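Enquirer: Let me see the structure of the following:
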Amino acid sequence: MYDTVRGKVRSFWKTDLRENPPNGWEIKQGSYEDPEGKQQIRRTAVHKESGMYIKGDDMLSHVMQVSLPRLYFGDNTELIKNQEELDISLSKMRLLQRDVLQFDVIPRWTRLDLVWNFLGLINEFIVTLQNSKHPKVRSAVRVYQNESIQWGGRNTTIQVYDKLKEKGSKLYKA
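Expert: Numbering: from 1, shown residues only. Here you go, the predicted structure:
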């Protein structure tokens with residue numbers, strides 16, 4: 001089911017956001033020089049508990065990313081299993097947007113991580129899959145430190161990794 005999602009959002013920031021950040025949010029602001037040499041403001045709002053972030057300039061938000069299972073379950077190790085859980089996590093996402101944006105927006109999705117959990121040893125999956133090809137991916141299979149395997153295409157990336165080793169997981173063992 002769905003895991004991390006990212007999308008484009010266009011909404012004005014709340015007017016007093018920097019001076020009075022909402023509870024649970026960290027507001028960061030900095031500047032950078034654009035290609036024409038003009039100073040531009042970059043603003044990021046990060047919800048500490050969920051990890052949801054919204055980025056933009058000093059006036060408008062542009063990008064939002066969030067782990068839907070983390071919104072629903074409080075961590076990122078369980079899957080959203082049905083439409084009701086998905087609807088609730090999307091509602092929570094929209095409520096959090098209202099803390100920092102003048103109005104909530106359903107993003108135009110640019111990244112949707114679709115996941116399924118399988119029990120097994122990652123090195124056995126890698127050995128089994130490393131010679132596999134995908135018809136829509138022409139690039140070579142990449143194996144990272146014997147911990148994940150990835151097929152990366154222009155528009156699609158397929159990756160297999162051990163979710164229990166993911167940092168931030170309650171089940172992570174270093």
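Enquirer: Check what pLDDT the nearest residue to Q40 once chain neighbours are set aside gets.
Expert: Closest residue in space to Q40, ignoring its immediate chain neighbours: D34 at 5.0 Å, by C-beta to C-beta, 6 or more residues apart in numbering. In this view, the C-beta of every residue, glycine as well, is placed from N, C-alpha and C. As predicted, D34 sits at a pLDDT of 87.
Enquirer: gap between D34 and I41?
Expert: For D34, the distance to I41 equals 11 Å [C-beta to C-beta, to the nearest Å].
Enquirer: Which one's more surrounded, the two?
Expert: I41 (12 against 8; other C-beta atoms under 10 Å).
Enquirer: can you tell me which residues contact that one?
Expert: Listed by C-beta atoms under 8 Å, 6 or more residues apart in numbering, the contact partners of I41 are 29-31, 57-58.
Enquirer: partners of the helix or strand bottoming out on mean pLDDT in the chain in the sheet?
Expert: Among the helices and strands of the chain, strand 157-161 carries the lowest confidence by mean pLDDT, DSSP states H and E, at a mean of 82. Sheet partners assigned to strand 157-161 using DSSP bridges are listed as strand 148-152 (antiparallel).
Enquirer: in the partner strand, what's buried?
Expert: By neighbour count on 16 or more other C-beta atoms under 10 Å, the buried set for strand 148-152 is 148-151.
Enquirer: now what about that strand, what contacts it?
Expert: 122, 125-126, 129-130, 132, 134, 137, 139, 141-144, 157-162.
Enquirer: C-alpha coordinates for that strand, CSV please?
Expert: C-alpha atoms of strand 148-152 as CSV (Å, rounded to 0.1, in the frame of the first residue of the first chain):
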residue,chain,number,x,y,z
SER,A,148,19.1,-3.4,-0.9
ILE,A,149,18.6,-3.9,-4.6
GLN,A,150,17.2,-1.3,-7.0
TRP,A,151,16.1,-1.0,-10.6
GLY,A,152,16.1,2.7,-11.5
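Enquirer: what about the strands in this protein?
Expert: Assigned by DSSP state E, the chain shows strands spanning 2-8, 25-33, 39-47, 53-56, 61-67, 108-114, 142-144, 148-152, 157-161.
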